Structure formats: C-alpha cells, structure tokens
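J.: everything below, folded, please.
(2 chains)
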Number of protein chains: 2
Amino acid sequence: MKTAQTIAEVRQIVSDARTDGATVGFAPTMGGLHEGHLSLIDAARGECDFVVVSIFVNPTQFAPGEDLSTYPRSIETDLAACEARGADLVFIPSVETMYPRQAVTSVTVSQLTETLCGRNRPTHFGGVCTVVAKLFNIVLPDKAFFGRKDYQQLVIVARMVEDLDIPVEIVPCAIIRETDGLAMSTRNQRLSPVNRSQAVALHEALQSAGDQIREFHRPARDIITAMQEYIQANAPNGEIDYIQIIDPQTLQDVETTDRSLLIALAVKFPEARLIDNMLLDSAGQPQ
Amino acid sequence: MKTAQTIAEVRQIVSDARTDGATVGFAPTMGGLHEGHLSLIDAARGECDFVVVSIFVNPTQFAPGEDLSTYPRSIETDLAACEARGADLVFIPSVETMYPRQAVTSVTVSQLTETLCGRNRPTHFGGVCTVVAKLFNIVLPDKAFFGRKDYQQLVIVARMVEDLDIPVEIVPCAIIRETDGLAMSTRNQRLSPVNRSQAVALHEALQSAGDQIREFHRPARDIITAMQEYIQANAPNGEIDYIQIIDPQTLQDVETTDRSLLIALAVKFPEARLIDNMLLDSAGQPQ
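T.: Residues are numbered from 1 along each chain as shown, chains lettered A, B, ... in the order given. Okay, here's the model as predicted:
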C-alpha cells in the first residue's frame, strides 16, 4: 500500500494504475476509521482494481464552535486498517495542500441541503460538496463509495455529481452497526459510558418506528411523536436535533407512510452529536 | 470533423481519441463564431492532438431581461468554420441535455466576481462557472482555451480550476480585433452602422489611456476621467457601464499606474453591451 501527501503524487500513482488498465475506486474519509469506513474499502475492493482512500479532516465543513479541534484523529491505526483491508493508496493531505490559499470557489447544492442536518449546520454541506469535488478532481475515480449513515450527504453528493456531470459513479453502502445496534461513528468513542449506553435508544426508536410503519402505516407525525417520547425516556442526556420522515430522493417531509421513505434523526449528547436513519420500501421493509 | 449532441457521444469520442494517445484541447463557445473564437481553435490545434469545440448558448449566465433570446445563433456557418480551422469534434448540446432537470448545484467564485461585469451582472459568473465546470467534466480536456477579451471570465475560470483542482490547463489567448481596432464580439453584428462606427471609440480610449500611462504614469483616476470624456464625446449613443483600472490578478482597483495593470471597460449601446480591455506591464507596454 502506498501513501501520498501531495496532489501530484496521487495523480501520478492513479495515472500509472490507469495505464495498466485498472479501474479506480475511492472512499473519502475523515479518518478515525471504524468498520463502517472499512466496509467502504471492502466494497471498493470488490468492484474496482485499484482502491484509493483519503483521510482528511476537512475544516470547511465544520462551523465555528463545532468539533473540528477535537475530532478524533488516529492516523497510525487508520493506515494499518486500510492496508489490512487491501487499499492500494491512502491520500493524507495537509490543510495547506487542500487549501493552499484562501479558496474563493465553492460548490453548493440548494434545496437538499436545507433540511435535516442542513437546518442547524447551514454551511456544512457546502464544505462537504466543495472538498468532495476537489477530491474527485484529484483522484478521478470511476466509482466512489459513501455510507448510508450520512444519508443526506450521500443524496447531496449524488446530486452534485449528476448536476455537474462529474464522471464518477456514486455507490451507496449499508450502515454498519455495533452489536447493540448503535450506528458506527467516529464520534461514538467520545461518549461517556452512560451516554454510550443511552445512545442505543436512537436505533431502537428507528426499529420501533419501522415496525409501526410496516404493520399499521401510522401517519408520519404519530411515528415522530412516538420516537421523540422513546428517545426522551431512554436517552435523557441526549437533546433531539431533529426526527424527520422524508422522501428518500427529495428529502422533503412526507405525511403518510404507505410509501418508500427515510426516517432520519440527530441527537446531541454533551460529547457528540449522533445521526442515524432507516430506509424503508413502500411495504415498510428496511432497505 | 465529428459533431455530437449528447454527453455520452462526446465522452465516447474523446475517450477513443485518448486511447490513441491524443492530448485534448477544448474551446468552449456560445456560437456566433468570429475570428476571436477561431483563434482559440488555432491555438488548440497548435498545442493539442484532438480539438473539441462546444457551441452552447448557456441560459443560466443570462439574467432576466438580458439578451438570451436575441443572442446571435449561426450553427451552419459555425460548423463550417470549425471544420475549416481543423476542429475534430463539435459538441452542440440542447438546453435539455445540459440541464435535464432543475439544477440545484452551482459553482460560485466570490470576490473576483464582485467587480467589473459582476457588479451589474451579479448572477452571470455563477452561470459561467457552473456550465464551464460541467463542460470540463464532459470533455475532460488537457488544455482549455479562453480569450482575453472576457478577461474577468478568464481570471475567474482559472481561479475555479485552481481552487477545485480541476485537471485542466487554462490557456489565455489574445484579443482579436477588426481592422479599425474594435474587439471582435458576436454581439458586434447587432450594432447599427452608426453605433458600429461609434464603437471604435472603446478601443481608441484604451489606446490613448495606454499611451498616457506609458509616457506619464498618470494616476488611475485621471486616466479613467479622460477615457470617460473620450467615450462620451465619440460614442454618444453608448452608456458607460464601467471603466476600471485594476490589478490583473486580484481585479482590485489600483490608484497608481507604474505597475502591471488591466484597463477594462463596458459600454452599453442600445443593441448590445460591449466590453474591451488592455493589459499593460509595469512599463506600460501592452501584453
């Protein structure tokens, strides 16, 4: 496995791989790698000849007061994990490499960014889209792999790719969970034992909501109310940021639940803000 | 020479050319081709193996009330001219091909877009950047050729390319002028004979300003005042939109003229808004 810190190195290594006829798969990450990230490498490994991982904690997607400075960093173990899972190249740029001078160019996606996480993080997805566009231009992958845990990010990146005709296929990958159901997240490690134990309520609320939709197709507002009550009772240290039931393509709120939909939530614990979601088909079956 | 109307066709044709080892040069245009555009094809022909021209009147760079509907279109003669100058492929997409559904993604460049033409056309460069980013993603050229007549556009596109790490080299090309000095523009053909004759005052004012800077290094504000007076006297049917003397990189106004600078102007005639500029080195020599 190679590592590269400069754009020129990445371009040369990927170009050499392409000359040999390889297809290129790409998993962009912010490091702090867990099995969720590693499943993206597995997927890329399964579909492409040459697998590139990037590890870059992108400052422009953190607002002032968010957790940029405390975001978990673990480059040594990350590199070992990438190598163990068969990555061919890990790109580890510095902030100066990615933003050598004040960047005045930004890529923005409207509408899809104005709901869910975008409501309380209005600059977040602009930072995500711009850095992902840059990384795509540097790596030039055939396929890029994104986890469904950041469902809104996945939809926004896919729409950016479509709108800008970026020549990459976006491959969605399943949420990977701990044995008790908590969605894996780099930020989970920051939770106190008590809050880690409360955090499982997020997944339990989603499971219960899925059951009620599948069996009774109860209206979205009733499902959301039940989820709020469940999380308030079982994760009292968490503050609900949002619980929404939405159309999986447009991300617009839906009222009825006899249709394909996404249940998405964000809960702020003192140490970390957690997100999770569940995608259901029109019969209420998890996807 | 081939023509293509779909993105898939362009990608296939360019990909085939690349497989044969060709480097790809690209000249994006809105059609209504004149010698200025054709000089871009010549430059691409000289530097690259395979030359792509696009002809697309991009609606998103026109504001309501601007001249989208009356912008000159001459596809038959344009294609003949492209072939005569040695283009290998002309991409002629429809609006539906470029914008198959409401685009929610945009590429914007701040600061550089807020002066000169951007002041009275605040949405113009967002439309330009977004469509140029799309065209680059479709054609994937090694080099792209832009005329210096749209100097601000050139600087903005170059900055977008740099900030987003788009793997293309931007090649600036000289302004091509009519024999009387008027900068060639698709919109010139719309001028009445009287206004066509007055329009030469734009270039004359630039020439005179260059002379005064070269000989006396008069302050920028004096030069601008003299240009205003000259244009008001010699092109009374034109309304001055702006005359600015600026730093060629930052596009910020400068006060002294013993330095490299750009003199740029825009004048609105009833039938067409015209722009022109002159780039001077620190000795006042035209570049």
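J.: what's the helix or strand bottoming out on mean pLDDT in chain A packed up against?
T.: Every helix and strand in chain A was compared by mean pLDDT, DSSP states H and E; the lowest is helix A:117-120, with a mean of 94. Here helix A:117-120 touches helix A:124-139, strand A:239-246, going by 3 or more C-beta pairs under 8 Å, 6 or more residues apart in numbering or on different chains; DSSP states H and E. Backbone N, C-alpha and C define where each C-beta goes, glycine included.
J.: using neighbour counts, pick out the buried residues of it.
T.: A:117, A:118 (16 or more other C-beta atoms under 10 Å in any protein chain shown).
J.: kindly report the same for stretch A:20-28.
T.: Under 16+ other C-beta under 10 Å, the buried positions of stretch A:20-28 are A:22, A:24, A:25, A:26, A:27, A:28.
J.: so who does the last one touch?
T.: Pointing back at residue A:28 there. Contact partners of residue A:28, counting by C-beta atoms under 8 Å, 6 or more residues apart in numbering or on different chains, are A:53, A:54, A:56, A:131, A:132, A:135, A:144, A:146.
J.: quick one, phi psi at the second one?
T.: The phi and psi values for residue A:54, taken as degrees, to the nearest 10, are phi -110, psi 140.
J.: relative to residue B:192, how far out is it?
T.: Per C-beta to C-beta, to the nearest Å, residue A:54 is found 57 Å from residue B:192.
J.: can you pick out the residue with more neighbours from these two?
T.: residue A:54 (24 against 13; other C-beta atoms under 10 Å in any protein chain shown).
J.: residue contacts, the nearest residue to that one once chain neighbours are set aside?
T.: Of all residues not flanking residue A:54 in the chain, residue A:91 sits nearest, at 4.3 Å (C-beta to C-beta, 6 or more residues apart in numbering or on different chains). Contacts for residue A:91 (C-beta under 8 Å, 6+ apart) come out as A:3, A:4, A:5, A:10, A:52, A:53, A:54, A:55, A:56, A:135, A:138, A:139.
J.: can you check residue A:212 too?
T.: The contact partners of residue A:212, taken as C-beta under 8 Å, 6+ apart, are A:218, A:223, A:226.
J.: give me phi/psi at the most centrally placed residue in chain A?
T.: The centre of chain A sits closest to residue A:150, judged by C-alpha atoms, centre = their mean, with a distance of 3.1 Å. The phi/psi pair for residue A:150 (degrees, to the nearest 10) reads phi -90, psi 70.
J.: just the one 4 residues further on next, same as before
T.: Note on residue A:154: backbone dihedrals following degrees, to the nearest 10 are phi -60, psi -50.
J.: what's the answer for the one 3 residues further on, then?
T.: In this entry, residue A:157 is assigned phi and psi values of phi -60, psi -40 (degrees, to the nearest 10).
J.: next one: residue A:178
T.: Torsion angles, degrees, to the nearest 10, at residue A:178: phi -70, psi 170.
J.: what of the one 5 residues further on?
T.: Main-chain torsions, residue A:183, degrees, to the nearest 10: phi -60, psi 130.
J.: for beta bridges, what are the partners of it?
T.: residue A:177 (DSSP bridges).
J.: that one contacts residue A:278, doesn't it?
T.: No: counting by C-beta atoms under 8 Å, residue A:183 stays clear of residue A:278, with 10.0 Å between them.
J.: with respect to chain B, which of the contacts of residue A:28 is nearest?
T.: Each of the contacts of residue A:28 was scored against chain B by C-beta to the nearest C-beta, and residue A:135 proved nearest at 8.2 Å.
J.: all good on my end, thank you.
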